[in-house]
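Colleague: I need the structure of the sequence given here:
(one chain, ligands or ions: 1)
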Amino acid sequence: MVAALIPGSFDPPTNGHLDVIERCAGLFDRVLVAVVRNPAKAPMFSSDERVAMLTECTEHWPNVAIGSFSGLLVDYAEEENIDVIVKGLRAMTDFDYEFQMSQMNRHLSGIVTLFVATKPEYGYLSSSLVKQVAGLGGSIDKLVPPLVATAIEKRVSNE
Ligand code: PNS
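Modeller: Next comes the predicted model:
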């Protein structure tokens, strides 16, 4: 029984995130997707809203669960009996930061991080660009799941 943890901000979840989650659902017995609760950042969606969106988007994968955490990722991984952390890599630009975090987590607890390459067509996709495009009136239909697109459009039109 191998359990994987996919941590992230997921503000909001994109098709790129879901691609990585789907890959992991096929590779691991148990997949826990965890939203970081970071009061220092001003997110578009609260962590509860992000958990709810991810729960709805992943409900058809029975071995995927959604959670949230604050504090050190390695502490949460230990509490949840996680074997590996998984992070998606879009391009070499992600690599330096992700590699540094993986080394720090390994230093802290010995946990292994695996990197999954995202689908090439999602190589340019990020949550911040999705929010920017939506805020400026562009179409985000092909970038995020429909329920996420609806939530972003509602949020943007209320601002
Ligand atoms: O989606 P993101 O913003 O790339 O996710 C980053 C995240 C949540 C994985 C990272 O910020 C994190 O692990 N935060 C927890 C704090 C922590 O454990 N820091 C020390 C290890 S580098």
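Colleague: which parts of the protein sit against the ligand?
Modeller: 7-9, 36, 72-73, 101, 104-105 (C-beta under 6 Å from any ligand atom). From N, CA and C alone the C-beta is placed, and that goes for glycine too.
Colleague: would you turn those into JSON lines with secondary structure, neighbour count and pLDDT?
Modeller: Below are the residues of the chain next to the ligand laid out as JSON lines (DSSP: H, G, I helix; E, B strand; the rest coil; neighbours: other C-beta atoms under 10 Å; pLDDT from 0 to 100):
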{"residue": "Pro7", "secondary structure": "strand", "neighbour count": "22", "pLDDT": "98"}
{"residue": "Gly8", "secondary structure": "strand", "neighbour count": "17", "pLDDT": "97"}
{"residue": "Ser9", "secondary structure": "coil", "neighbour count": "17", "pLDDT": "96"}
{"residue": "Val36", "secondary structure": "strand", "neighbour count": "19", "pLDDT": "97"}
{"residue": "Leu72", "secondary structure": "coil", "neighbour count": "13", "pLDDT": "97"}
{"residue": "Leu73", "secondary structure": "helix", "neighbour count": "21", "pLDDT": "98"}
{"residue": "Met101", "secondary structure": "helix", "neighbour count": "15", "pLDDT": "97"}
{"residue": "Met104", "secondary structure": "helix", "neighbour count": "14", "pLDDT": "98"}
{"residue": "Asn105", "secondary structure": "helix", "neighbour count": "19", "pLDDT": "98"}
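Colleague: Pick out whichever of the residues you listed sits closest to Gly137.
Modeller: Ser9 (23.8 Å; C-beta to C-beta).
Colleague: hang on, the earlier thing: may I see the residues of the chain next to the ligand organised as TSV, with distance to Glu22 added?
Modeller: Below are the residues of the chain next to the ligand laid out as TSV (distance: C-beta to C-beta, whole Å):
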residue	distance to Glu22
Pro7	17
Gly8	15
Ser9	19
Val36	21
Leu72	27
Leu73	22
Met101	23
Met104	27
Asn105	24
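Colleague: what's the closest of these to Gly138?
Modeller: For those, the nearest to Gly138 is Ser9 (21.2 Å; C-beta to C-beta).
Colleague: Mind listing what's buried along stretch 119-137?
Modeller: 122, 125, 127, 130-131, 134 (16 or more other C-beta atoms under 10 Å).
Colleague: Done for today, thanks.
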